[in-house]
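# From the sequence below, what's the structure:
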Amino acid sequence: MMRLPLIRFAFAAGLAIVVCPSALQAGQPTSGGKSGTASQKTEAVSPVSTKPPSFVEDVVPLFTRLGCNAGSCHGKADGRNGFRLSLRGYAPEWDIDRLTRESRGRRIDLALPENSLLLRKPTGAVPHGGGTLIEIASPEYNLLLNWIRAGAPGPLADEPHPQRIELSPGDTTLHTGQALQLAVRVQYSDGHWRDVTWLTRFATNDAGVMDVSPNGKVRAVREGETAVRAEFRGQTALSIFTVPFHRAIDPSRFAAANNFIDEKVVAKLAALHIPPSELCSDEAFLRRASLDTIGTLPTVEEVRAFAADKSPDKRSQRIDRLLERPEFVDYWALQLADLLQNRKERDHDVRGAKGVRAMHEWLREQVKANRPWDELVRDLLTASGSAADRPEIGYFLVNVGEEREADKSQIVASVSQAFLGTRIGCAKCHNHPLERYTQDDYYHFAAFFCAVKLDRGTEIRKSASTLSMEKVPPGRKLGTTQPRTGQFLAPRPFDREQCTIAAGEDPRVKLAAWITDPKNELFSGAMVNRLWSHFLGTGLVEPVDDLRSTNPPSDPALWAALNREFVEHHFDLKHMMRLILNSRTYQRSSATVEGNEADTRFYSHYLARRLGAEVLADAVCQASGVPEPYPGYPVGVRAIELPDPSVESYFLTQFGRPLRVTPCPCERSSEVTITQLLELQNGDGLRDKINSGDGRLASLLKNEQDDGRITTELFQSTLSREPTDAERSAVRAALAGGPRDEVFHDLQWALLNSKEFVFNH
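Just a heads-up that it's a prediction; the model follows:
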């Protein structure tokens, strides 16, 4: 066993790996917000009405505001204590039945309304698991009492429904400790407006910045920025609250900009009084850009050449060269393979590893040709034929159920999440709890795939899988059945515009056209956000694949500009990468300055993050000079070239290689675990590479007599920089007190275990 290095190499950025702060989930407005100030207060209006309360427009919203029909209470699948409501009132026809008929109608007493359990439990008159929620004679109590006195009427067929709500004030700047009252109005389908502040459910995206009470009173807790949202009957509205820091900053800190990205970012930082960090060093830029763009460390020769280059535009030149490297194709085919879930469906499937490799090669061809993102997606979503000729149908093979009639929810959720950045899966069972999408929207969308027909092939027939579209017989409509209502729903996209499918037409063609439409911000935004997150460490929207009106971007002006740029340049992925890489925002140092230490949302400094599994594995191999063998592949194949996520590798598994069962980027783990530390510090793999007679270190010890040059190359091959004077002194001191070979073995071990090596910074 190789002995542990001495404390003498503690200078190598430390031997322990730490977790970088994760991004706070907060948000900004998407559109339509009106600026306001703390002095513009709007008072809530008390409920006054002479009409009997409406079950749908009064009672159900009250349940939502009080949390009665939330997933943590009676709104969960099994209900609570024998009582179940639909989640946030998505099925009022169920709710009225359970309130008035279930358990022999024991919850409602029409003869003596005050004795109804619906009133006695929330007031605490009888034991209630949720505690006391309302007071006797309060507006909430009176609403329920009057509804019961009116005979507990249910939903009305011709009742006007909400079309939108308005939250005031709009975007507002407050100072710590300041408070104001929000107000909400709803516009109904018949045109009339109504104040519903007291029936609205309020929430904040970051309670650490802005607190909001159940009745809509907001209070600035600390400096920062976040959204406060209002929800009434499935309609939502947002106001953004900015709480700037109390510090004076030299305006010149916000002046420099390489492109519009920097202009938007520094404007946001200036508004919040957050100072930006300086630019990173050339050495840090070369290593960072290489790892982020081609997933590969720069070579020793590249490090030296870049340091010697005195050209003022050498960074932009390097970016252009990186985008044309063959490793760029390998690395971004890997990224798309994760997104498109390219994996073996099951061990006995004919497609198997062969099909995975074929689809991976198809992705490489798309990346190499720099296919516009919209064209690639249209080809994928409308693919038909044999997997032997159209390997991209593998996307359907892993996302459609075993039988034609089987549930196709996986393809619905996958398409929505991968190409629209929208998590629609929960709407399969109930209305989306945080967005306007209903259960009907889900099944309308699912109807686009109802005619997909798969023949998966078998080992016995040795035939390739095929995908085709089932022909709909004359007189039969194309669509699917909504399981709750039994209603037949035709294909319709999320914007709810009617979609006409001609006889014999593949409905996926219409779907693909809607998804990739330049006007569809969800499509452009989903990829823009993924690219931004990849290069900057956190998305403008977090989680990256959770785009919705209630989860706005941290910088809406930048968001709009990036989406516009992507569309105007015809969905050119390389153009967007080049734009981001050339910005000062990307090139800022990861070292913080006084005043931006806590910022993880506004890009005042680069966010250091652990290297991905494949990138780290290749970096270890490149730095040590010893390749990693992978079963079924020739020696020398790099991890970023592997098409199949099931290739056996203990290292890749431990460091978070995804299985590709979902398009969610969260599947690729970036956490730091004890097993990872043990693998790097004590694992046989790293030890054998350092001790290998064919590795970099063995060659240096044999052919180089100058210890200073060996020290320099070990630093350049791992950290892409020269050692500092203090680090050189530490190595010289170690050499004076120990065997040469042992000292350099310890040095390489310490460098490969350092945070500076394992993290991109």
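# my guess is E302 is in a strand, correct?
No. Per DSSP: H, G, I helix; E, B strand; the rest coil, E302 lies outside any strand segment and is helix.
# where's it relative to E283, distance?
Taking CB to CB, to the nearest Å as the measure, E302 and E283 are separated by 11 Å. Just so you know, the C-beta spots here come from the backbone N, C-alpha and C atoms, and that holds for glycine as well.
# Which neighbours do these two have in common?
Residues touching both E302 and E283 do not exist when contact is defined as CB atoms under 8 Å, 6 or more residues apart in numbering.
# end to end, how far does stretch 652-661 reach?
16 Å (CA to CA, to the nearest Å).
# Run through the stretch 101-250 of the chain and note the low-pLDDT ranges.
Residues of the stretch 101-250 of the chain that meet the criterion pLDDT under 70 are absent altogether.
# in it, which spans are helices?
For the stretch 101-250 of the chain, the helices defined by DSSP state H, counting those that start in this stretch occupy 102-105, 117-120, 139-149.
# and the last one, what does it pack onto?
In terms of contacts (3 or more CB pairs under 8 Å, 6 or more residues apart in numbering; DSSP states H and E), helix 139-149 is packed against helix 60-66, helix 117-120.
# who wins for proximity to F744 among these?
The minimum distance between F744 and these falls on helix 60-66, with 66.4 Å, by CB to CB.
# residues in contact with that closest one?
Contact with helix 60-66 is made by 69-70, 85, 88-89, 92, 95, 122, 133-134, 140, 143-144, 196, 199-201, 214, 231-233, as judged by CB under 8 Å, 6+ apart.
# send the alpha carbons of it over as CSV?
The C-alpha trace of helix 60-66 is given here as CSV (Å, rounded to 0.1, in the frame of the first residue of the first chain):
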residue,chain,number,x,y,z
VAL,A,60,-62.8,25.9,-2.4
PRO,A,61,-60.5,28.9,-2.4
LEU,A,62,-60.9,29.2,1.3
PHE,A,63,-59.9,25.5,1.7
THR,A,64,-56.8,26.2,-0.4
ARG,A,65,-55.9,29.3,1.6
LEU,A,66,-56.2,27.5,4.9
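# for it, the distance to its chain's centre please.
How far helix 60-66 lies from its chain's middle: 30 Å, per CA atoms, centre = their mean, to the nearest Å.
# Equivalent analysis for stretch 386-406, please.
Averaged C-alpha coordinates place stretch 386-406 at 26 Å from its chain's average position (CA atoms, centre = their mean).
# Ranking the helices and strands packed on helix 139-149 by mean neighbour count, which comes first?
Taking mean count of other CB atoms under 10 Å as the contact definition, the stretch among these with the greatest mean neighbour count is helix 60-66, which reaches a mean of 23.
# Quick check: next helix or strand after that one?
helix 92-100 (DSSP states H and E).
# Do I have it right that V209 meets V221?
Yes. Judged on CB atoms under 8 Å, V209 makes contact with V221 at a distance of 5.9 Å.
# Which one of those two is surrounded by more residues?
Between V209 and V221, counting by other CB atoms under 10 Å, V209 is the more crowded of the two (23 against 18).
# quick one: that one and R721, what's the gap?
Computed as CB to CB, the V209 to R721 distance reads 38 Å.
# Tell me the buried residues in stretch 615-629?
Judged by neighbour count using 16 or more other CB atoms under 10 Å, the buried positions of stretch 615-629 are 615-628.
# what do you get for stretch 309-324?
Of the residues in stretch 309-324, those buried under the neighbour-count criterion (16+ other CB under 10 Å) are 314-315, 318-319, 322-323.
# Need the mean per-residue confidence for it.
For stretch 309-324, the mean pLDDT works out to 98.
# for the stretch 601-750 of the chain, what spans make up the strands?
Shown for the stretch 601-750 of the chain, the strands assigned by DSSP state E, counting those that start in this stretch span residues 609-610.
# ok, back up a step: could I get the helices and strands packed on helix 139-149 in TSV, plus columns for distance to A179?
As requested, the helices and strands packed on helix 139-149 are arranged in TSV below (distance: least, CB to CB, whole Å):
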stretch	distance to A179
helix 60-66	20
helix 117-120	32
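# To A451, which of the ones you listed lies closest?
For the helices and strands packed on helix 139-149, distance to A451 was read as CB to CB. The smallest value, 36.5 Å, belongs to helix 60-66.
# how many neighbours does V329 have?
Neighbourhood size, V329 [other CB under 10 Å]: 20.
# pLDDT score assigned to it?
Predicted confidence (pLDDT) at V329: the value is 98.
# picking that back up, adding distance to E166, write the buried residues of stretch 309-324 out as CSV.
Supplementary listing: these in CSV, determined by distance: CB to CB, whole Å:
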residue, distance to E166
K314, 52
R315, 47
R318, 50
I319, 45
L322, 48
L323, 46
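# Helices - which of the residues you listed land there?
Counting by DSSP state H, the members of these that fall within helices are 314-315, 318-319, 322-323.
# What distance do you get for the residue of the chain most remote from its centre to G151?
For the chain, the residue at maximal distance from the C-alpha centroid (CA atoms, centre = their mean) is A111, at 53.0 Å. From A111 over to G151 the distance is 11 Å, taken as CB to CB.
# got the contact list for stretch 719-728?
Counting by CB under 8 Å, 6+ apart, residues outside stretch 719-728 touching it are 11-13, 281, 283-284, 286-287, 290, 297-298, 303, 307, 708, 711-712, 715-716, 731, 751, 754, 756-757.
# My understanding was that R610 contacts T673; is that so?
No. Under the contact definition of CB under 8 Å, R610 does not touch T673, with a separation of 10.5 Å.
# which of the two has more neighbours?
Neighbour comparison, R610 and T673: the larger count goes to R610, with 22 against 14 (by other CB under 10 Å).
# how far away is the more buried one from T204?
When distance is defined by CB to CB, R610 is 30 Å away from T204.
# How about F63?
Noted for F63: a distance of 21 Å to T204, by CB to CB.
# and the strand or helix carrying M577, what other elements does it pack with?
Per DSSP H and E, M577 falls inside helix 573-582. Helix 573-582 is packed against helix 282-294, helix 314-323, helix 521-536, helix 556-568, with contacts defined by 3+ CB pairs under 8 Å, 6+ apart.
# ok, the residue most central in space within the chain - contacts?
Taking CA atoms, centre = their mean as the criterion, V544 is the residue nearest the geometric centre of the chain, at 1.9 Å. When contacts are counted by CB under 8 Å, 6+ apart, V544 touches 421, 529-530, 533, 665.
# Same question for T422.
T422 makes contact with 416, 435, 437, 494, 522, 526, 545-548 under the criterion CB under 8 Å, 6+ apart.
# now swap in K428 and tell me
With contacts taken as CB under 8 Å, 6+ apart, K428 has the following neighbours: 409, 412-413, 439, 442.
# sorry, back to before: out of the helices of the stretch 101-250 of the chain, the one nearest S384 is which?
With CB to CB, the closest approach to S384 among the helices of the stretch 101-250 of the chain belongs to helix 102-105: 48.5 Å.
# Any idea how many residues pack against the residue lying closest to A557 once chain neighbours are set aside?
Leaving out its chain neighbours, the residue that sits closest to A557 by CB to CB, 6 or more residues apart in numbering is K264, at 5.1 Å. Taking other CB under 10 Å as the neighbour definition, K264 ends up with a count of 22.
# pLDDT at K264, what is it?
For K264, pLDDT reads 97.
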